[in-house]
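Asker: Sequence first, then the predicted structure:
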Amino acid sequence: MIGAGSSMGRAGATLLAREGAKVVVADISEPKGIQMCQRILDEGHEASFVPVDVLSAASVQSMVETTLSRYGRIDVLYHNAVDVHFVNTQDRRLTELSEETWTRMIDLVLTGTFRCCRSVGAQMIKQKSGSIILTATADALIGCAGLDGYTAAKGGVVSLTRSFAAGVAKDGVRVNAICPGFVATEPQLDWLQSPGAAATMASLHLLPVPTPEQIAPFALYLASDESAVVTGGIFPIDSGYMAFKVNVDLMGVVSGEAR
């Protein structure tokens, strides 16, 4: 469970542990990772913390080797690692985007995913089984002004999901991607307190903005044998964010009969 120290990774790790999984809490933040691991242990479930930095191939491989030394196999990879503050404060329209920010965004989001899929995937191929669950974003599937670096990187994750799924299916390994819209995670909560922010987010969704705990059940489904025939899937979980243009009766406006 990469990025399990907070937000969607934490919610996913908690739910999978409650369902009986032996969870490896992998995170770049040791304090957050250890705290999360202890929470799972306190509930009476099994977990261990392994530090990982997805910017380092050696760190990712060490995470895999440590996991194998403790548990002997890896059945599920749920990848959530991202620096939300970096994305929110440094991403820009392409013409204003620094090359340094672009390079780090691609390395963190796309190449970081590649490193994890390569190391974990190699073990799953040996086992002839496994489920890889990647986290992309609904903004990689539609246009989102001002997020050009992030959406390009996550768009690569979407494409990687399909091609990797096609490549490893014969080895009994499944690969799918969850594409959340806006989620009420810790890094976003401060922003939601800004004047007008909550109303703006509400206007962009048909349903209430989801919490990380409302994303986790779909990750559980993809991790389980219930999704045994599901691979190469790109699944928006976005409270209807992609289902409409604006939250108004658009055709009513056009016809002059708005309700």
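Answerer: Nice, I can see it.
Asker: need the helices for the chain, in chain order.
Answerer: Here the chain has its helices, by DSSP state H, at 7-18, 30-42, 57-71, 84-90, 99-105, 112-127, 148-168, 186-192, 197-203, 212-223, 250-255.
Asker: Just give me the neighbour total for residue 132.
Answerer: 27 (other Cβ atoms under 10 Å). Backbone N, C-alpha and C define where each C-beta goes, glycine included.
Asker: Contact partners for it?
Answerer: 76-77, 79, 117, 120-121, 124, 164, 173-176 (Cβ atoms under 8 Å, 6 or more residues apart in numbering).
Asker: cool, residue 168 as well?
Answerer: Residue 168 neighbours (Cβ under 8 Å, 6+ apart): 121, 124-125, 175.
Asker: Please apply the same query to residue 224.
Answerer: Counting by Cβ under 8 Å, 6+ apart, the residues that residue 224 touches are residue 19.
Asker: low-scoring stretches of the stretch 1-150 of the chain, by residue?
Answerer: 1 (pLDDT under 70).
Asker: measure the closest residue to residue 197 other than its chain neighbours to residue 152 for me?
Answerer: Once flanking residues are discounted, residue 197 sits nearest to residue 191: 5.8 Å by Cβ to Cβ, 6 or more residues apart in numbering. Noted for residue 191: a distance of 22 Å to residue 152, by Cβ to Cβ, to the nearest Å.
Asker: what's the answer for residue 38, then?
Answerer: The gap separating residue 38 from residue 152 is 37 Å, by Cβ to Cβ.
Asker: quick one on the thing from earlier: could you report the separation of the residue nearest to residue 197 from residue 224?
Answerer: Using Cβ to Cβ, one obtains 34 Å as the distance from residue 191 to residue 224.
Asker: What is the neighbour count of residue 40?
Answerer: Other residues within reach of residue 40, judged by other Cβ under 10 Å, total 24.
Asker: Quickly list what the residue nearest to it when sequence neighbours are not counted is bridged to.
Answerer: Excluding the flanking residues, the one nearest residue 40 by Cβ to Cβ, 6+ apart is residue 47, at 3.9 Å. With DSSP bridges applied, residue 47 shows beta-bridge pairing to residue 23.
Asker: related to what we said a few turns ago, out of the helices of the chain, deepest packed?
Answerer: helix 7-18 (a mean of 24; mean count of other Cβ atoms under 10 Å).
Asker: From the chain's centroid, how far away is it?
Answerer: Relative to the chain's own centre, helix 7-18 is displaced by 12 Å; criterion: Cα atoms, centre = their mean, to the nearest Å.
Asker: Contacts for it, please.
Answerer: Outside helix 7-18, the residues that touch it by Cβ under 8 Å, 6+ apart are 1-4, 23, 25, 27, 36, 39-40, 43, 45-47, 76, 78, 80-81, 84, 135, 180, 183, 185-187, 211-213, 215-217, 219-220, 223.
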